[in-house]
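**Q** sequence first, predicted model second:
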Amino acid sequence: MNDLYSLLRTQTYSGRGIILGTTPKGKAAIAYFIMGRSASSRARIFERKADELVIKYTADRAPEHGELIIYSPIRLIGDRIIVTNGDQTDTVYEGLRLGGSFESALQTRCFEPDPPHFTARISGLVTIENGVPSYELSILKAGDPEGKTCVRNFFRYEKAEGRGRYIHTYMGGTDVLKTFEGEPYEVNVPDDIDEFKNAVWNGINEDNKVALYVRFTDVDTREYEDRLINKYE
């Protein structure tokens with residue numbers, strides 16, 4: 001198992017990241033962060049919208065690739081929490097609403113149309129059933145440098161107290177950003193939400209981080225506490 005803070009410190013530009021897991025005392029934990037190198041990417045903040053999360057654009061000029069950087073990262077449906085790095089949040093929501101699954105909804109989507117990077121779409125789902133959380137993660141990525149094929153990977157995890165799984169979009173690179181490879185990292189999850197928040201926020205590269213949201217949900221009552229940080233607010 002990786003120390004979350006130490007792992008994040010090794011990554012100069014991981015792009016966008018999702019962490020899903022369980023605290024030692026059994027709460028369902030979520031973290032979602034965004035990073036940015038361009039002016040448009042940095043002109044964004046997280047805002048709460050009731051029990052969900054949205055991204056707001058703060059600059060006066062129109063954003064570059066606004067359809068890719070402005071979306072709802074977190075939506076709720078029943079006893080499930082959806083978290084993604086794009087408008088596939090809505091795709092998953094509608095799929096679940098119509099009786100489908102996380103996987104079947106994402107089979108209709110692919111990576112982002114932003115050559116030459118072809119940024120991966122990463123998605124997560126927390127399901128709480130009879131007081132027991134379970135987790136699903138997905139990455140949709142280009143199968144070749146020209147973006148002619150799409151590879152869809154899905155991962156399912158049962159709860160493990162004090163542990164979580166972390167997936168992100170980029171593995172580094174300069175002119176062309178490399179896509180995440182392999183299985184989501186296993187990382188530690190503490191009981192204290194501020195310790196969790198600080199591990200993520202302080203671990204992310206200072207020059208490129210933009211915003212972070214974390215949430216701990218009681219699996220019996222569904223009550224939650226959360227934290228939100230915007231670097232450029």
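**A** Sure thing, it's come through. Just so we're clear, the structure is a prediction, and the values are computed from it rather than from any experiment.
**Q** surely Pro24 and Glu195 touch.
**A** No: with contacts counted by C-beta atoms under 8 Å, Pro24 stays clear of Glu195, the gap being 11.4 Å. For every residue, glycine as well, the C-beta is placed using N, CA and C.
**Q** helix, strand or coil: sort out the residue most central in space within the chain for me.
**A** Among the residues of the chain, the one closest to the centroid is Ile18, at 2.9 Å (C-alpha atoms, centre = their mean). With DSSP: H, G, I helix; E, B strand; the rest coil as the basis, Ile18 sits in strand.
**Q** host element of the nearest residue to it once chain neighbours are set aside?
**A** Distance criterion C-beta to C-beta, 6 or more residues apart in numbering; nearest residue to Ile18, sequence neighbours excluded, is Gly124 at 4.7 Å. Element membership for Gly124 (DSSP states H and E) is strand 121-129.
**Q** could you pull up the mean pLDDT of that strand?
**A** For strand 121-129, mean pLDDT rounds to 97.
**Q** same for that strand, what does it pack against?
**A** strand 16-22, strand 28-35, strand 80-84, helix 88-97, helix 102-106, strand 132-142, strand 163-168 (3 or more C-beta pairs under 8 Å, 6 or more residues apart in numbering; DSSP states H and E).
**Q** just checking: what are the partner strands of the second one?
**A** Here strand 28-35 has these sheet partners by DSSP bridges: strand 16-22 (antiparallel), strand 209-217 (antiparallel).
**Q** which residues outside whatever helix or strand comes next after that strand are in contact with it?
**A** Where DSSP H and E defines the elements, the next helix or strand beyond strand 28-35 is helix 39-42. Applying C-beta atoms under 8 Å, 6 or more residues apart in numbering, the external contacts of helix 39-42 come out as 34-36, 57, 59, 63-66, 69, 210, 231-232.
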